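1. Quick one, what's the 3D model for this:
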Amino acid sequence: MNIVSLNEIPKEDLIEFFNQTWGSSKMVISSGVYDCTRLDGFAVLNEESVITGLITYVFRDGECEIISLDSLEERKGIGTALMKEVERVAAENRCTRMTLITTNDNLLALKFYQKRGFVLSKIHRNAVEKAREIKPEIPLIGNEGIPIRDEIELEKGVG
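-> Next up, the predicted model:
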């Protein structure tokens, strides 16, 4: 698997990837508003150097927060490989904890993260309503027809 730093990918390719997967490169969650094209991260490239998976993260106060994780090809280990790469960097930077936020409708993400050692730590009720004030293109209805309302924070220790 070809994993590269986002610094090695042209900015226009990152912008296009985020526009296709998230509607824009702006990520609005309880911990802040982020331009994902400006964050640290890694991508998996296929043989044609096309992005098939991407993860972004930030370091803050001894913690590593994953801001986005996308795999365009399910069940091939892309998401797991990207998570392991960020865990490695978090350990190198002496982080004690990793966190991330997903929405209440994202049942596949909740399953994915819990299988990799993350535990539910907080629920931010109605947080997505506040996020829509900044990013109105966030849909009202998500996966499986579930209304998108809440953010769920997960965490795990590093090491």
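2. Every contact and neighbour count from this point should use C-alpha atoms.
-> Will do.
3. Name the SS class of the residue nearest the centre of the chain, please.
-> Central residue of the chain (CA atoms, centre = their mean): S68, 1.7 Å from the mean position. On the three-state scheme (DSSP: H, G, I helix; E, B strand; the rest coil), S68 is labelled strand.
4. For it, give the beta-bridge partners.
-> Beta-bridge partners recorded for S68 (DSSP bridges): T56.
5. E74 belongs to a helix?
-> No: counting by three-state DSSP, E74 is not part of a helix but coil.
6. per-residue pLDDT, it?
-> Looking at E74, its pLDDT is 86.
7. again, but for D150
-> D150 is assigned a predicted lDDT (pLDDT) of 98.
8. just L140 next, same as before
-> 97.
9. could I have the longest helix anywhere in the chain exported to PDB, CA atoms only?
-> Using DSSP state H to define each element, the chain has its longest helix at helix 78-92. The C-alpha coordinates for helix 78-92 follow below in PDB (Å, rounded to 0.1, in the frame of the first residue of the first chain):
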ATOM      1  CA  ILE A  78      -7.000   1.400   3.600                       C
ATOM      2  CA  GLY A  79      -8.700   3.000   6.700                       C
ATOM      3  CA  THR A  80      -6.900   0.700   9.100                       C
ATOM      4  CA  ALA A  81      -3.500   1.500   7.500                       C
ATOM      5  CA  LEU A  82      -4.100   5.200   7.700                       C
ATOM      6  CA  MET A  83      -5.200   4.900  11.300                       C
ATOM      7  CA  LYS A  84      -2.000   3.000  12.200                       C
ATOM      8  CA  GLU A  85       0.100   5.600  10.500                       C
ATOM      9  CA  VAL A  86      -1.500   8.400  12.600                       C
ATOM     10  CA  GLU A  87      -1.100   6.300  15.700                       C
ATOM     11  CA  ARG A  88       2.600   5.900  15.000                       C
ATOM     12  CA  VAL A  89       3.000   9.700  14.500                       C
ATOM     13  CA  ALA A  90       1.000  10.400  17.700                       C
ATOM     14  CA  ALA A  91       3.200   8.100  19.700                       C
ATOM     15  CA  GLU A  92       6.300   9.700  18.200                       C
END
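10. With that, I have no additional questions.
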